[in-house]
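>>> task: produce atomic coordinates for the following.
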Amino acid sequence: MKTLVDPGTTTPVTPPPLTEDAAVDALRSFFRNKPFLFFGTGMSCALDIRFGMFALKDALIAGIQRCALTAAQKIEWDAVVSALNNGTDLENALNSVNDQDLLKILTGLTGDFIAGFDKDYAYRIAAGESQWPATGIVKRLVDTLPEGDRILHALTPNYDMLFEYACDVVGVSYTNGLFGGVERRKDWKAVDRAMLEPEQICQGRKMRTVYKPRKHVRLYKVHGSLNYFFHRNAVIENDAWMWNPPDYAERVMITPGLSKYQTLQRYRQELLQSADAAIDRATHFLFLGYGFNDGHLEEYIKRKLITQASHGLVITRDSNERIESLLAQSDNLWLVCKMENEDGTRIYNKQYPDWLTLPGRSLWDICEFTKQILGG
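Numbering: from 1, shown residues only. Prediction:
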């Protein structure tokens, strides 16, 4: 909470408590500006818990047991298992892995595990049997983009394709910067040209055709994707391989652990360069199901929210220490999350003395948030 001072005295003034009306007004006001969208595994786990780290941990443990490791690889993996048994999370437990061949094994196991149920949801979403929770808000954000700025920037560390399936169903155009046929390669200029559409404008007594980008999403999958591969000395995108890749195609998926920073540098141009520039230009940030557990991305976030006092909104089921530490340091950051021990919603911003609690309300559920706050 930021302490105010009465200008006529030196006496601190306690701000009024946060009310539902004030919170709703502030949340709606946030969306008057186009946000940069971050979404994390929470958006995938809301559809299926197997997309989360706990399920991946069990899958990796089971998968490694079927692999023939060298003595050096076994030492590193035993250190991972020991850390997991002592309560360390998967992200930090995998810090013990440095062997490049072991990393390739883990990447392959990760991709195969996620591909199994990603394939299932590809069909279910296309058939209308399932819906990715953030579909409604993404469509609304794209549909309401200002005419002079028709691109919504979105970043995710997720490997799955749920965002892409959801956009296809509701007719939202998107690009990740890779262009071509069956095998697509990074080419933002070609993508930008492909996104142009003609528009007739009147100039004096004559009609003139101009080309403007259609409203669409630029998607930055900064940790790779199920359909990204390193092939013929380049990062390519090939949808035909994502569920059952050939042996000669190496998945481009940045697995947890310290070694991911080395791998990120290897693929920096394809995965990070364009995202860097878009983040630098943004002033509003929307975080959906994002746990703030990635040190690399957190550098960008802290610079924007704390140092530059950019506006931010976190909507997630469960809060955590990392989110609340960021809340305490950021003047313009809001959190909407679930109440801890009962059904309901908590809302917080440091400008107010305490949390607002809304028992029986589910604004932390992005579908409910979209309906109740944005009216969509």
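>>> from here on, contacts and neighbour counts on C-alpha atoms
Will do.
>>> ok, A134 - contacts?
M43, I366, C367 (Cα atoms under 8 Å, 6 or more residues apart in numbering).
>>> narrow those to those in helices?
When DSSP state H defines the helices, the subset of the contacts of A134 inside them is M43, I366, C367.
>>> tabulate those residues (TSV), appending neighbour count, pLDDT and distance to D118.
Formatted as TSV, the ones in helices among the contacts of A134 follow (neighbours: other Cα atoms under 10 Å; pLDDT from 0 to 100; distance: Cα to Cα, whole Å):
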residue	neighbour count	pLDDT	distance to D118
M43	25	96	14
I366	23	97	21
C367	17	96	21
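>>> ok, so of the residues you listed, who is nearest R66?
Distances from R66 to the ones in helices among the contacts of A134, taken as Cα to Cα, are shortest for M43 (30.9 Å).
>>> so R317 sits against L363, correct?
No - the criterion here is Cα atoms under 8 Å, and R317 misses it with L363 at 9.3 Å.
>>> which neighbours do the two share?
C337, K338.
>>> so N176 makes contact with Y220?
Yes - shown here, N176 and Y220 form a contact pair, counting by Cα under 8 Å, at 6.0 Å.
>>> neighbour count: these two, which is higher?
Y220 (24 against 20; other Cα atoms under 10 Å).
>>> from D78, how far off is L69?
Note on L69: its distance to D78, by Cα to Cα, to the nearest Å, is 11 Å.
>>> which parts of the stretch 1-150 of the chain are strands?
4-5, 12-13, 36-39 (DSSP state E, counting those that start in this stretch).
>>> what residues are up against the closest residue in space to I306 that isn't next to it in sequence?
Excluding the flanking residues, the one nearest I306 by Cα to Cα, 6 or more residues apart in numbering is S330, at 4.8 Å. Neighbour list for S330: L305, I306, A309, K350 [criterion: Cα under 8 Å, 6+ apart].
>>> how about the contacts made by the first one?
With contact set as Cα under 8 Å, 6+ apart, L305 has these partners: H311, G312, S330, D331, N332, L333.
>>> tell me which of those residues fall in strands.
Using DSSP state E, H311, G312, L333 are the members of those that sit in strands.
>>> mind putting these in CSV, pLDDT included?
Output for these, formatted as CSV (pLDDT from 0 to 100):
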residue, pLDDT
H311, 98
G312, 97
L333, 98
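>>> closest to A122 out of these?
Using Cα to Cα, these come closest to A122 at G312, 31.1 Å.
>>> thought F285 was touching the closest one, still the case?
Yes - with contact defined as Cα under 8 Å, G312 and F285 form a contacting pair (4.6 Å).
>>> tell me where the stretch 1-150 of the chain has helices.
Counting by DSSP state H, counting those that start in this stretch, the stretch 1-150 of the chain has helices at residues 20-30, 41-45, 53-64, 71-85, 90-93, 100-126, 135-143.
>>> flag the shaky bits of the stretch 201-350 of the chain, pLDDT-wise.
257-271 (pLDDT under 70).
>>> would you list every one of the strands in it?
According to DSSP E, counting those that start in this stretch, the strands that the stretch 201-350 of the chain contains are 206-213, 216-221, 224-231, 234-237, 250-253, 284-288, 311-315, 333-338, 344-348.
>>> in space, what's closest to I137 - neighbours in sequence excluded?
Closest residue to I137 apart from its sequence neighbours, by Cα to Cα, 6+ apart: T370 at 5.9 Å.
>>> hmm, that neighbour is touching G136, no?
Yes - A contact is recorded between T370 and G136 when judged using Cα under 8 Å, the distance being 7.0 Å.
>>> report the contact partners of the nearest residue to L335 once chain neighbours are set aside.
Sequence neighbours aside, V314 is the residue nearest to L335 in space, at 4.7 Å (criterion: Cα to Cα, 6+ apart). V314 sits next to L286, F287, L288, G289, Y290, L333, W334, L335, V336 when contact means Cα under 8 Å, 6+ apart.
>>> try 7 Å
By Cα atoms under 7 Å, 6 or more residues apart in numbering, V314 lies in contact with L286, F287, L288, W334, L335, V336.
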